[in-house]
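[1] Pasting a predicted model and its sequence here:
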Amino acid sequence: MSATPKTFSLPVCNHTPRPYTGPGAKEVLALRQEYLSPALLLYYKEPLMIVEGHMQYLWDETGRRYLDAIAGIVTVSVGHCHPKVVERVREQVGLLQHTTTIYIHPTVGQYAKKLADHMPGDLKVTYFTNSGSESNDLALLTSRMATGHFDVISLRHGYHGGSQTVMGMTGQSSWKYALPQGFGVHHAMPGYCYRCPLGLEYPSCDVKCAQDIGDLIKFATSGRVAAFIAEPIMGVGGVVTPPKEYFKIAYEQVRKAGGICIADEVQTGFGRTGTKFWGFENWDVTPDMVSMAKGIGNGTALGAVVTTPQIAQAMTGKLHFNTFGGNPVQATYGLATLEVIDEEGIQENALKVGGRLKAGLENLMDKHALIGEVRGMGLMLGVELVRDRKTKEPANTEAAQIVENARAHGLLIGKGGFYGNVLRIKPPMCITREDADYIIGCLDEIMGEL
């Protein structure tokens with residue numbers, strides 16, 4: 001591993017971690033290797049063991065501190081173990097841990113109302129779930145029931161979860177097993193301008209990637225579709241940020257074919273893009289349904305689908321049930337997280353600190369030819385690495401090495417994109433200007449070492 005930076009250090013943190021007295025990393029790894037599925041991937045050549053978290057920081061078993069710039073895969077929104085969230089959840093756990101939706105409980109209704117207050121238009125009816133995969137599965141089911149149609153349009157490079165149904169909507173072979181999945185799903189071209197699937201340039205291209213959705217519907221479906229699902233900014237796909245007209249054109253094409261427009265806000269929601277509370281609002285569109293998870297619960301297993309009363313009615317024809325959807329502890333997590341977002345100016349912080357961070361990353365392009373493009377909004381940023389800016393050959397091994405070296409500098413980042421060449425920088429939204437400067441300084445030094 002690379003040495004710790006000589007010229008700068010992690011910003012000051014006033015939290016003192018508890019002394020760790022549990023099993024060592026080697027013992028924990030041995031247990032994992034014997035008793036957990038081998039399908040579970042690990043970052044780093046020497047696996048990292050995390051035992052404590054506070055706001056934007058994490059500690060390993062030795063007491064070493066790290067700046068978490070990937071937020072548990074874009075899941076921790078207001079900070080690890082945020083004091084208000086912890087206090088509210090601790091109180092609820094001691095009072096009532098579980099009922100289910102066959103009874104009523106005040107918190108879930110209060111939370112659903114507060115969530116509806118943050119939604120535009122008639123998006124106000126919520127069905128709570130336990131994950132993003134489950135939310136997208138439910139969104140797909142609901143849209144097919146509501147429209148009476150079957151075909152679905154999703155995007156290449158998109159990611160919508162790991163269950164068998166939503167695996168079919170995911171547009172990357174890396175995340176798809178060779179088994180029957182994706183019946184009725186058709187993958188359209190994304191607004192990936194840096195790697196335009198048509199070899200064109202924006203804006204002279206007239207956003208033909210979005211226009212093609214109409215032709216896809218004409219020639220690959222019956223002409224009528226159930227839904228169009230897309231992330232406003234792609235997460236796993238490499239922070240692909242479309243041109244401003246893309247979703248207006250796409251939504252128009254889909255609605256002409258009778259389809260419901262679904263915004264997958266699992267990663268972009270809850271103020272992460274800074275300028276808007278929901279990612280789709282950046283494109284001046286309003287979907288018919290919104291799926292969410294991850295940041296909704298600040299690290300707990302919570303998801304949701306929000307839609308209109310009319311569309312929600314489609315699910316009443318049969319019995320449908322979720323044992324833990326709306327669980328009082330999970331609802332408390334969600335409500336407390338949403339309150340913190342509002343009360344502590346989390347979205348504004350994502351805008352200001354994210355803007356500083358993005359500008360700093362863009363400045364690094366002048367020094368490091370390895371950077372092909374910096375993209376994203378707020379605190380959902382991506383840095384695509386290439387070996388040659390003209391050929392755009394993906395620098396995937398270099399990206400992996402940067403992630404590895406960043407860990408040695410006390411910085412945890414992710415990587416994504418189809419080629420694994422995009423650095424994913426999506427920290428808890430409570431990070432400071434000093435944290436942003438540290439990220440920039442680290443990456444500058446690490447790229448210089450390469």
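    Looks like it arrived, so ask away.

[2] what sits against Gln181?
    164-165, 167-168 (C-beta atoms under 8 Å, 6 or more residues apart in numbering). Backbone N, C-alpha and C define where each C-beta goes, glycine included.

[3] Can you read off the pLDDT for the nearest residue to it once chain neighbours are set aside?
    Once its chain neighbours are removed from consideration, Gln181 has its nearest residue in Gly168; the separation is 4.1 Å (C-beta to C-beta, 6 or more residues apart in numbering). What the model reports for Gly168 is a pLDDT of 96.

[4] Just give me the neighbour total for Gly168.
    Burial of Gly168 is recorded as 20 neighbouring residues (other C-beta atoms under 10 Å).

[5] ok, now Gly214?
    Neighbours of Gly214 under the rule other C-beta under 10 Å: 17.

[6] thinking again about what came up before, just confirm the residue nearest to Gln181 contacts His187, I think it does.
    No. Counting by C-beta atoms under 8 Å, no contact exists between Gly168 and His187, whose distance comes to 9.7 Å.

[7] Name the residues contacting each of the two.
    Contacts common to Gly168 and His187, judged by C-beta under 8 Å, 6+ apart, are absent.

[8] Low-confidence regions, the stretch 101-250 of the chain specifically.
    Across the stretch 101-250 of the chain, not a single residue meets the criterion (pLDDT under 70).

[9] Quickly find the element holding Gly214.
    Assignment of secondary structure by DSSP states H and E places Gly214 within helix 208-220.

[10] Could you look up the SS state of Arg424?
    Assigned by DSSP: H, G, I helix; E, B strand; the rest coil, the conformation of Arg424 is strand.

[11] and what of Leu385?
    Put simply, Leu385 is strand when judged by three-state DSSP.

[12] how about it, what does it touch?
    Remark: with contacts taken as C-beta under 8 Å, 6+ apart, Leu385 is in contact with 370-372, 394-396, 398-399, 402, 421-423.

[13] hmm, try it at 6 Å
    Applying C-beta atoms under 6 Å, 6 or more residues apart in numbering to Leu385 gives the contacts 370, 395, 398-399, 421.

[14] returning to that earlier point: from the contacts of Gln181, which is closest to Tyr438?
    When the contacts of Gln181 are ranked by distance to Tyr438 (C-beta to C-beta), Met167 comes first, at 36.9 Å.

[15] Leaving aside the residues adjacent along the chain, what's closest to the closest one?
    If you skip the residues right next to it in sequence, Met167 has Gln181 as its closest partner in space, 5.1 Å away by C-beta to C-beta, 6+ apart.

[16] any idea which element the one you found lies in?
    Following DSSP H and E, one finds Gln181 outside all helices and strands.

[17] among the contacts of Gln181, which ones are buried?
    165, 167-168 (16 or more other C-beta atoms under 10 Å).

[18] Confirm that Phe228 sits in a strand.
    Yes. According to three-state DSSP, the state of Phe228 is that of a strand.

[19] contacting residues around it?
    153, 254, 259, 261.

[20] In helices, which of those appear?
    Secondary structure assignment by DSSP state H places Val254 of these in helices.

[21] ok, and the most crowded of the contacts of Phe228?
    When neighbours are counted as other C-beta under 10 Å, the busiest of these turns out to be Ile153, with 28 neighbours.

[22] who's in contact with that residue?
    186, 188, 228.

[23] Skip the chain neighbours and tell me the closest residue to it.
    Counting by C-beta to C-beta, 6+ apart, Phe228 is the residue found nearest to Ile153 once chain neighbours are left out, at 4.4 Å.

[24] What separation is there between the one you found and Thr99?
    Distance, Phe228 to Thr99, using C-beta to C-beta, to the nearest Å: 36 Å.

[25] Then Gly53?
    29 Å.

[26] My understanding was that Gln330 contacts Leu302; is that so?
    Yes. With contacts counted by C-beta atoms under 6 Å, Gln330 reaches Leu302, the gap being 4.8 Å.

[27] out of those two, which sits in the more crowded spot?
    The neighbour comparison of Gln330 against Leu302 (other C-beta under 10 Å) goes to Leu302, with 29 against 26.

[28] mind checking how far that one is from Tyr333?
    Computed with C-beta to C-beta, the distance linking Leu302 and Tyr333 is 6 Å.

[29] low-scoring stretches of the stretch 351-450 of the chain, by residue?
    Within the stretch 351-450 of the chain, no stretch falls below the threshold (pLDDT under 70).

[30] For it, which segments are assigned as strands?
    Remark: strands assigned in the stretch 351-450 of the chain by DSSP state E, counting those that start in this stretch are 371-377, 380-385, 411-412, 414-416, 422-425.

[31] Show me what the shortest one is packed up against.
    Read it as strand 411-412. Using 3 or more C-beta pairs under 6 Å, 6 or more residues apart in numbering; DSSP states H and E, the elements in contact with strand 411-412 are strand 65-68.
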